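Enquirer: How does the following fold in three dimensions:
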Amino acid sequence: MNFTALKSKVDKYLQVKQNTHDYRDQWAAETKELITSTLQKIIDETAIDAEIEIKDSVENLEVIVFNLGRIKSGIREKLDADESRSVVRNNGMLVYQQLFNGKIVVLLVQPFLEGYGEPQQPKSLEIVRPSELNEGFIVRHVEEFLKELVAWEDYDDDQPSGKPPIGFATSYASDEEV
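Expert: Reported below is the predicted structural model:
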């Protein structure tokens with residue numbers, strides 16, 4: 001019996017297991033510090049009101065959160081004639097989380113109003129190996145995060161959809177026919 005194909009699969013499996021070990025070592029030795037120091041530089045240079053939270057209660061499943069915090073939204077819910085309650089707004093987060101295999105998933109958590117609808121599922125920006133992550137990637141992640149926040153803050157449905165209008169007072173005639 002020829003075990004060549006099976007041997008190749010075993011070699012691949014052993015390499016992937018070693019990669020997980022290497023990725024975890026790299027997180028501890030370099031990547032965690034790279035992420036936190038780059039995010040701190042972004043806070044210092046831009047004066048964005050954010051906090052860096054490190055959640056490390058589970059070894060090799062650590063999380064670094066670039067958190068914009070919670071505030072009163074400016075919306076107040078009337079409870080009765082003379083009482084009201086402020087609606088709290090979560091401003092969004094950018095999350096770097098170690099996966100079970102040592103790679104890092106980068107997630108974007110949209111802002112949401114507590115008690116009004118369900119928060120959206122986090123959006124996965126990408127999954128990277130620790131060796132692939134650098135300061136430029138982190139800056140790009142924050143830029144994408146801010147782009148999403150601006151879109152959320154400035155939401156309206158008046159933006160052109162790129163689809164042709166349909167309905168009353170629309171014409172299917174070309175410009176030449178008119």
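Enquirer: Figure out the helix or strand that residue 7 lives in.
Expert: With elements taken from DSSP states H and E, the one containing residue 7 is helix 4-26.
Enquirer: what mean pLDDT does the helix or strand following that helix have?
Expert: Stepping forward along the backbone from helix 4-26, the first helix or strand reached (DSSP H and E) is helix 32-46. Helix 32-46 carries an average pLDDT of 97.
Enquirer: about what we covered before: now the helix holding residue 7: average pLDDT?
Expert: Averaging pLDDT along helix 4-26 yields 95.
Enquirer: got the buried residues for it?
Expert: Applying a neighbour-count criterion of 16 or more other Cβ atoms under 10 Å, the buried positions in helix 4-26 are 23, 24, 26. Just so you know, the C-beta spots here come from the backbone N, C-alpha and C atoms, and that holds for glycine as well.
Enquirer: mind putting the residues you listed in a markdown table, distance to residue 127 included?
Expert: Shown next, in a markdown table, are those (distance: Cβ to Cβ, whole Å):
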| residue | distance to residue 127 |
| --- | --- |
| 23 | 11 |
| 24 | 15 |
| 26 | 15 |
